[in-house]
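S.K.: The sequence and its predicted three-dimensional model are supplied below.
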Amino acid sequence: MYPYIPNTKEDEKRMLEAIGLDSIEDLFKDIPESVRLNRELNLKPSMSEMEVARYLTDLAGKNASVNELTCFLGAGAYDHYVPSIIGHIISRSEFLTSYTPYQAEISQGTLQYIFEYQTLICKLTGMDVANASLYDGGTAIAEAAFMAVNQTRRDQVVISKTVNPQAREVLKTYAHLQGIEIIEIEDEGGVTDLEELKKNVTDKTAAVIVQNPNFFGIIEDLEAIEEIAHSQKKTMFITSVDPISLGILKSPGSIGADIVVGEGQPLGISLQFGGPYLGFMATKKAYMRKLPGRIVGQTVDEDGNRAFVLTLQAREQHIRREKATSNICSNQGINTLAATIYLTALGKEGLRELAVQITQKSHYAFNEITKSGKYKPLFDKPFFKEFAVTSDIDPAVINQRLLEEKILGGYPLGKDYPRYKNGILYAVTEKRTKEEIDKLSSVLEGII
């Protein structure tokens, strides 16, 4: 596996002479000796292509996927069924390499499915306009915060601690170098503490960010939060949503959200060991010019035929850098296409049926796990897809025992919420059968 570098010793010598150095080590003389490795990398000797393929196959074989395990783990990435039609269409040659439609005249197919994607996201969220698109749900939240700061000319963002902890870390990372103050609101009984929220929303607040259903799977009182957010003039209300939940819940747009974001992974995108995923964003027409990324519009060509163009391109490649709305957004082309196919294949009734199935199965699992009293509900609130339970047993012990039975257990909440140290968050999607749920409950009951 060494060295994969095409330069010969003669090439190196000529390049070093061109810049006036005697050795490769001279390139790194500004790095203190104390932090240098000063030894060869611990790599095996070079191998043939056949040997490398066998070695990598053996490494991959150490992973256990959801094809081998029954998955009850969620916390932001979910084991939903991916219809076979998605793989067939996205693997067609004209889509497989599609990325950015810089030239509209030769990118009509790509522009059309992005336009359709934007339309579907708008219908789903109840908003006026959507972009195409963002890296994932975490960066979508960060982008929404930046958008609110740019719109309001304020530098303070209030976010609930019931928002996905990883997304909050992404927000804080980006906000730090932008000089944006992040205020986190504690939860009360698994939902945003409304009294604390009221105290922290001031005339300095650019936006209030909540997640619904939240990280614990609980349905937040969006109407009450919207009222608090909009009690201050200019303050924007940002909601991060699970797109599947919108099959049965009110759209954020109908409740008064200014920006809606979310993780699009549930929309026909497999787990893929953590990515790549798809962040979506939609907003009101009034804020369209602050929206990061691209917006595809519909028009007609010179012959009067339907055509598509990039209507707004507020990225640094297209306009002066200081005028760009963002430089961390991108068009997740193939994932955008997958989400478009998924929503089109299910349709309005299919999405509702999917959400109902998930609700019924997750509540059945909750009832089965908690009926003996050994595992107690961590919260007593309406939930969708995910729920938290607690017991006297260490979550690590529980998950190890489940893994022995080929069950991928829930998410230990103590990692992010110390006061819920024995809490475990379980996710139940439409893929889980009654037999799988009953086995989960049975194994949990047998753990000492």
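M.R.: Received it, and whenever you're ready, just let me know what you need.

S.K.: Please tell me how far N67 sits from Y287.
M.R.: As defined by Cβ to Cβ, to the nearest Å, N67 lies at a distance of 42 Å from Y287. Yep, even glycine has a C-beta here, placed from its N, CA and C like the rest.

S.K.: Which one's more surrounded, these two?
M.R.: Residue environment comparison for N67 versus Y287 gives the larger neighbour count to Y287, 18 against 7, counting by other Cβ atoms under 10 Å.

S.K.: Helix, strand, or coil at that one?
M.R.: Remark: Y287 carries the secondary structure label helix [criterion: DSSP: H, G, I helix; E, B strand; the rest coil].

S.K.: Look up the pLDDT of it for me, please.
M.R.: At Y287, the predicted lDDT confidence score is 95.

S.K.: dump the residue contacts of it.
M.R.: Remark: with contacts taken as Cβ atoms under 8 Å, 6 or more residues apart in numbering, Y287 is in contact with M147, Q151, D258, I259.

S.K.: residues near L111, how many?
M.R.: 21.

S.K.: Ignore what I typed, I meant Q103.
M.R.: Other residues within reach of Q103, judged by other Cβ under 10 Å, total 8.

S.K.: before we move on, what about S46?
M.R.: S46 is surrounded by 11 other residues when neighbours are defined as other Cβ under 10 Å.

S.K.: In terms of helices and strands, where is it?
M.R.: Here S46 is covered by no helix or strand, with elements defined by DSSP states H and E.

S.K.: hmm, which helix or strand of this protein has the shakiest average pLDDT?
M.R.: Across the helices and strands of the chain, mean pLDDT, DSSP states H and E gives its lowest value to helix 93-96, namely a mean of 80.

S.K.: Residues contacting it, please?
M.R.: Outside of helix 93-96, the residues within contact range by Cβ under 8 Å, 6+ apart are I89, I90, G109, T110, I334, L337.

S.K.: hmm, who's touching stretch 19-26?
M.R.: The list of residues contacting stretch 19-26 from outside it, by Cβ under 8 Å, 6+ apart, reads E12, L16, L27.

S.K.: And for L351, nearest residue in space, chain neighbours not counted?
M.R.: G247 (4.0 Å; Cβ to Cβ, 6 or more residues apart in numbering).

S.K.: Sorry, wrong one. I was asking about F366.
M.R.: Of all residues not flanking F366 in the chain, F387 sits nearest, at 4.8 Å (Cβ to Cβ, 6+ apart).

S.K.: domains of the chain?
M.R.: The domain map for the chain lists 9-50, 70-80+348-446, 84-342, with the assignment taken from automatic domain parsing.

S.K.: pLDDT at E322, what is it?
M.R.: Here the pLDDT value assigned to E322 is 66.

S.K.: ok, now C329?
M.R.: C329 is assigned a pLDDT of 68 by the prediction.

S.K.: Also K123?
M.R.: The predicted local distance difference test score for K123 is 97.

S.K.: Please, which helix or strand holds it?
M.R.: helix 108-125.

S.K.: re earlier: buried subset of the contacts of helix 93-96, written for ChimeraX?
M.R.: Entered in ChimeraX, the line below selects the buried ones among the contacts of helix 93-96, by 16 or more other Cβ atoms under 10 Å:
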select :90,110,334,337
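
S.K.: okay if I get the contacts of helix 93-96 as JSON lines plus pLDDT?
M.R.: Below are those laid out as JSON lines (pLDDT from 0 to 100):
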{"residue": "I89", "pLDDT": "94"}
{"residue": "I90", "pLDDT": "92"}
{"residue": "G109", "pLDDT": "87"}
{"residue": "T110", "pLDDT": "89"}
{"residue": "I334", "pLDDT": "90"}
{"residue": "L337", "pLDDT": "94"}
